[in-house]
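*Asks:* let me see the structure of the following:
(chains A and B)
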Protein chains: 2
Amino acid sequence: MLPVRYELLYSDGNARCGIIHTPHGDIKTPIFMPVGTQATVKTMTPEELKEIGAEIILGNTYHLHLRPTDELINTFGGLHEFMHWDRPILTDSGGFQIFSLAVRRKLTEEGAYFSSHLDGSKHFISPEKSIEIQNNLGSDIMMVLDECPPGLSTREYLEPSINRTVRWARRCIDANRNKDKQGLFAIVQGGIYEDLRDYCFNELYKTNDDFSGYAIGGLAVGEPTEDMYRILKYITPKLPKDKPRYLMGVGEPLDMLEAIEHGVDMMDCVHPSRIGRHGTVFTKYGRLVIKNEKYSRDPRPLDISDNYVCKNYTRAYIRHLFKANEVLAQRLATYHNLWFLLNLVKEARKAIEEGRFKEYKEEFIKNYTMGSNSDWIKPIVK
Amino acid sequence: MLPVRYELLYSDGNARCGIIHTPHGDIKTPIFMPVGTQATVKTMTPEELKEIGAEIILGNTYHLHLRPTDELINTFGGLHEFMHWDRPILTDSGGFQIFSLAVRRKLTEEGAYFSSHLDGSKHFISPEKSIEIQNNLGSDIMMVLDECPPGLSTREYLEPSINRTVRWARRCIDANRNKDKQGLFAIVQGGIYEDLRDYCFNELYKTNDDFSGYAIGGLAVGEPTEDMYRILKYITPKLPKDKPRYLMGVGEPLDMLEAIEHGVDMMDCVHPSRIGRHGTVFTKYGRLVIKNEKYSRDPRPLDISDNYVCKNYTRAYIRHLFKANEVLAQRLATYHNLWFLLNLVKEARKAIEEGRFKEYKEEFIKNYTMGSNSDWIKPIVK
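*Replies:* Got it, this is the predicted structure:
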């Protein structure tokens, strides 16, 4: 039996909610996964992540392989022990970072040669090596090493790339030495072409018994939103109903709701914490740039919510912290933004369970795109 | 009745433990006070400060006056409300920062003219202005504006300076418009000269009824340790027994124990959190520079203690966070260092209560100066 299993609870159109069972516990889906690139979700403790409802986090294979090295993490019993996080972890394959961060990279059938962005040291990651690293990290869900084609790649570029991704996926299956403890997800590529998505998925499905789930890669990489939504709508419902579906690299509220509507179960992105650290926060009425002068005397919370930040801090105070370059500013904004997305998927789950997902989505979009100054929020000062 | 009152509980030689009653609750003494310069103790939340046993924190008048301004903080109900901290707060007078941070400063009998280190804007702080700012901040304990003489000042420099400090202290008394809600501490100057310390204290004591406590200023400013200890031993026991005694700017464990031995009740310093943010932590066996290569595979906690950091994180992990420039590194090291000093004063209180302070101090010093690699600490990995 595969170590990662999906249990469907409710469906509402193509939207669905369920449970993913993993060696480190269950995950309620749909779920957003905060990214812990360097064995820490930036600015947060594991306890705070639990407080905001994080059920699974990501670790980045490329970064952890380079520093402190997967071998070192392995001697500490794996990534869970090393970073003091006892809930599920998903690790990516390193492929995306090799293409976006590494320097002087060279792709061959065997794997990818590259120089570290940290110190220029030379490295090589093949499908086997990626799995070896992920085995060392001991994640609950591993990703196959795929080629990450540039956004808006042509059919001519994608066809050989997809075939290599499929061959690599099979090599990843064979390389996994922890088949009973670490699940492996396939990644469906194919750009913005329905037939290539079909082709890639069908090829991967031939070894379906070896995959604990399917990811959708190569979206949210610069293509127009309508292309992204079209492909999401096309391919997601075709993926196996009995396995989790993971849309990679998406963490914008409206994109997340669109993905959930078509049957996506898992999403991740560095975006919400990154914009938070730079002073932009999500609210019910859209984004708010807290550094703006107009919030300097604003006694209201960031948004109306019962989270720790909104209960205890005013916009004026958080703006002050940002202007003064205080770490607490980054902490509060990150906490708030991750809470916002985790609350979003929680509300989505409830709406699906109650068969009113479309209404929930419409209501959310109506508010979120209103661009209001949210004057209805009451001051926080007692 | 003065709004801040001291209650003596136990004495052990000149060392003593007691309670300071303030409008925002009681403080057990001796106590270390974490510094929250810009309305936040760097990297920490108020809840974490409570978790490590912080009973009172400091706010910096100079910084808060410049940004976000005391007037803005006042419209939010004062510093407690603004920063979400409901325990006692002490504010300094701004004098020390004017001399150490401001540019183009000019001292007159009236007050100090200076330009902001932030934007060069021109400002003026007099004793009356300092109290007005501190009244706006609403701290429980305010400090008089004094001249902060350079370390190792001569008698010739100090004599007129002390007289001005005394005149300014009286102007501060008169300026306080919240006599029933905010206590005012005098500051005894006098450099490393016993007779000047005597003189300064005796002059200040003439308006003793207006002071809620006495601070010792002008120590730990570059003078040799033996001079500092000599003056501490000389002047502290002479200060009124029925009022709290505050040694300004001291946060090194051995200096703190020396001060407590001579009867000091309160201390503060940015030092422990600053060295923490740069990767140096206190342990029972002295300081440890966690960034060092030799800790890269060290499975032991920073120190043996039951605090959150030592219970959950290895040296190897914290070193990794520092090398990767992760905010969590600064958080964990700050948390640990402030906990260390708050635990130190807690143990000191207990030792005084049990009449064994000297033994406690000797034992602490013996370990702390041993320079051991603390090999007896067990690995944290399960």
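*Asks:* centre of the chain to the helix or strand encompassing residue A:170, how far?
*Replies:* With elements delineated by DSSP states H and E, residue A:170 resides in helix A:155-175, which encompasses its position. From the chain centre to the centre of helix A:155-175 is a distance of 22 Å (Cα atoms, centre = their mean, to the nearest Å).
*Asks:* quick check: residue A:141 vs residue A:63, distance?
*Replies:* Between residue A:141 and residue A:63 the distance is 17 Å, computed by Cβ to Cβ, to the nearest Å. All C-beta atoms are positioned from the backbone trio N, CA, C, and that covers glycine.
*Asks:* between these two, which is the more surrounded one?
*Replies:* Neighbours were counted for residue A:141 and for residue A:63 using other Cβ atoms under 10 Å in any protein chain shown; residue A:141 has more, 29 against 21.
*Asks:* where does residue A:213 fall, phi/psi-wise?
*Replies:* Reported as degrees, to the nearest 10, the phi and psi values for residue A:213 are phi -180, psi 180.
*Asks:* typo on my end, residue A:255
*Replies:* The main-chain torsion angles of residue A:255 are listed as degrees, to the nearest 10 and equal phi -70, psi -40.
*Asks:* quick one: it and residue A:219 touch, right?
*Replies:* No. In this structure, residue A:255 is not within contact of residue A:219 by Cβ atoms under 8 Å, at 9.0 Å.
*Asks:* intersection of neighbour lists for those two?
*Replies:* A shared contact of residue A:255 and residue A:219, defined by Cβ atoms under 8 Å, 6 or more residues apart in numbering or on different chains, is any residue touching both; here these are residue A:228.
*Asks:* quick one: which of these two has more around it?
*Replies:* With neighbours defined as other Cβ under 10 Å, residue A:255 and residue A:219 compare such that residue A:219 has more, 26 against 22.
*Asks:* what's near enough to touch that one?
*Replies:* Counting by Cβ under 8 Å, 6+ apart, residue A:219 makes contact with A:228, A:231-232, A:247-250.
*Asks:* geometric centre of chain A: which residue is closest?
*Replies:* For chain A, the residue whose C-alpha lies nearest the mean C-alpha position (Cα atoms, centre = their mean) is residue A:268; its distance is 1.0 Å.
*Asks:* need the phi and psi values for the nearest residue to that residue once chain neighbours are set aside.
*Replies:* On the basis of Cβ to Cβ, 6 or more residues apart in numbering or on different chains, the spatially nearest residue to residue A:268 that is not a chain neighbour turns out to be residue A:33, at 4.1 Å. Per-residue torsions, residue A:33: phi -110, psi 110 (degrees, to the nearest 10).
*Asks:* over to residue A:146?
*Replies:* Backbone dihedrals for residue A:146, given as degrees, to the nearest 10, come out at phi -120, psi 160.
*Asks:* please apply the same query to residue A:28.
*Replies:* Reported as degrees, to the nearest 10, the phi and psi values for residue A:28 are phi -90, psi 130.
*Asks:* now do it against residue A:351, distance only.
*Replies:* Going from residue A:28 to residue A:351 by Cβ to Cβ gives 14 Å.
*Asks:* between the two, which one's more packed in?
*Replies:* Each of residue A:28 and residue A:351 has its neighbours counted (other Cβ under 10 Å); residue A:351 has more, 23 against 17.
*Asks:* could I get the contacting residues of that one?
*Replies:* Taking Cβ under 8 Å, 6+ apart, we find residue A:351 in contact with A:12, A:357, A:359-361.
*Asks:* about what we covered before: list the contacts of the residue nearest to the centre of chain A.
*Replies:* If a contact means Cβ under 8 Å, 6+ apart, then residue A:268 has A:32-35, A:58, A:90, A:246, A:248-251 as its contacts.
*Asks:* residue A:168 now?
*Replies:* Applying Cβ under 8 Å, 6+ apart, we find residue A:168 in contact with A:127, A:144-147.
*Asks:* 6 Å instead?
*Replies:* When contacts are counted by Cβ atoms under 6 Å, 6 or more residues apart in numbering or on different chains, residue A:168 is found next to A:127, A:145.
*Asks:* pLDDT at the residue nearest to the centre of chain A, what is it?
*Replies:* What the model reports for residue A:268 is a pLDDT of 98.
*Asks:* distance of it from residue B:218?
*Replies:* Residue A:268 sits 55 Å away from residue B:218, taking Cβ to Cβ as the criterion.
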